[in-house]
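[1] everything below, folded, please.
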Amino acid sequence: MSRNLLLTTAALSSTLILGFAFAQTPSAAGTTTSSAAGGMTPSAAGNMTPSAMSPSTMSMGTIADIVSKNPDFSTLLTALKAAGLDKTLAGKGPFTVFAPTNAAFAKVPKATLTALLKDKAALTKVLTYHVVAGSVKAADVVKLKTAKTVEGSSVKIAVMGSSVMIDKAKVTKTDIVASNGVIHVIDTVLMPAMK
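    Got it, this is the predicted structure:
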């Protein structure tokens, strides 16, 4: 009986050690990320973000899938559908998307947003200004000064202390990994020069 008790104790210890090792995974910034519920995940910019939005819990499906399942992106999803880009972001990719939240869209004057949703060409221009070809993780974004967008012009990238700015938008969450690229969440809608 004591031999069975020893074997059971050894198996339990191994399970606990393996479980802890699995819960502690290295992040893109080279620090440790806890996947425990309610834990915090350090971003490449040094900001702490809730683990509910960390790559381990959000990396399910394509970029379009992630956007459609997250209520914070409902306005973005409406805009993508209006421009017909939801199908593109469900495609092969890879894409890097700087995704504005509903709060970011709320900063856009209502009349401007309404006009954009009715003008497919202008809306497409704005939305493709949020997309960079390829999968660019946060650790690589912070090394860049600019990035050429699918729209054709470039966004400016600046590291200011612990914050990363894309044009005038602050990156609030990084490295939400999808099967066809990566999402970085921003707090302001990016606006290209409109001609």
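[2] what about residue 120, how many neighbours?
    Neighbourhood size, residue 120 [other CB atoms under 10 Å]: 13. Every C-beta, even on glycine, is put in place using the N, C-alpha and C of the backbone.
[3] that one and residue 80 touch, don't they?
    No - the criterion here is CB atoms under 8 Å, and residue 120 misses it with residue 80 at 11.7 Å.
[4] now residue 142, what are its backbone angles?
    Note on residue 142: its backbone torsions stand at phi -70, psi -10 [degrees, to the nearest 10].
[5] tell me the secondary structure for residue 132?
    Under the three-state scheme (DSSP: H, G, I helix; E, B strand; the rest coil), residue 132 adopts strand.
[6] dig out what it forms beta bridges with.
    residue 96 (DSSP bridges).
[7] in this structure, where is pLDDT below threshold?
    Applying pLDDT under 70 to the chain flags residues 1-60.
[8] what ranges do the helices span in it?
    Using DSSP state H, the helices found in the chain span residues 2-23, 55-58, 63-69, 74-83, 102-106, 110-118, 120-128, 138-141.
[9] just the buried residues of the third one, please?
    Right, the one you point to is helix 63-69. Buried positions in helix 63-69, judged by neighbour count with 16 or more other CB atoms under 10 Å: 63, 64, 66, 67, 68.
[10] now the second one. Nearest residue, chain neighbours left out?
    I take that to be residue 64. Spatial nearest neighbour of residue 64, chain neighbours left out: residue 90 (3.8 Å); criterion: CB to CB, 6 or more residues apart in numbering.
[11] who touches the one you found in this structure?
    Residues in contact with residue 90 (CB atoms under 8 Å, 6 or more residues apart in numbering) are 62, 63, 64, 65, 180.
[12] greatest separation within these: which pair is it?
    Taking CB to CB as the measure, these span a maximum distance of 9.3 Å, between 65 and 180.
[13] measure the nearest residue to residue 136 once chain neighbours are set aside to residue 109 for me?
    Spatial nearest neighbour of residue 136, chain neighbours left out: residue 96 (4.3 Å); criterion: CB to CB, 6+ apart. Applying CB to CB, to the nearest Å, the value for residue 96 to residue 109 is 27 Å.
[14] what number of residues lie near residue 83?
    Residue 83: 21 surrounding residues under other CB under 10 Å.
[15] so what strands line up beside the top strand by length along the chain?
    Across the chain, the longest stretch assigned as strand under DSSP state E is strand 169-178. With DSSP bridges as the test, strand 169-178 is paired with strand 163-166 (antiparallel), strand 181-186 (antiparallel).
[16] quick one: contacts of the first one?
    Surrounding strand 163-166, the residues in contact under the criterion CB under 8 Å, 6+ apart are 44-45, 47, 98, 138, 141-142, 155-159, 170-171, 174, 184, 186, 190.
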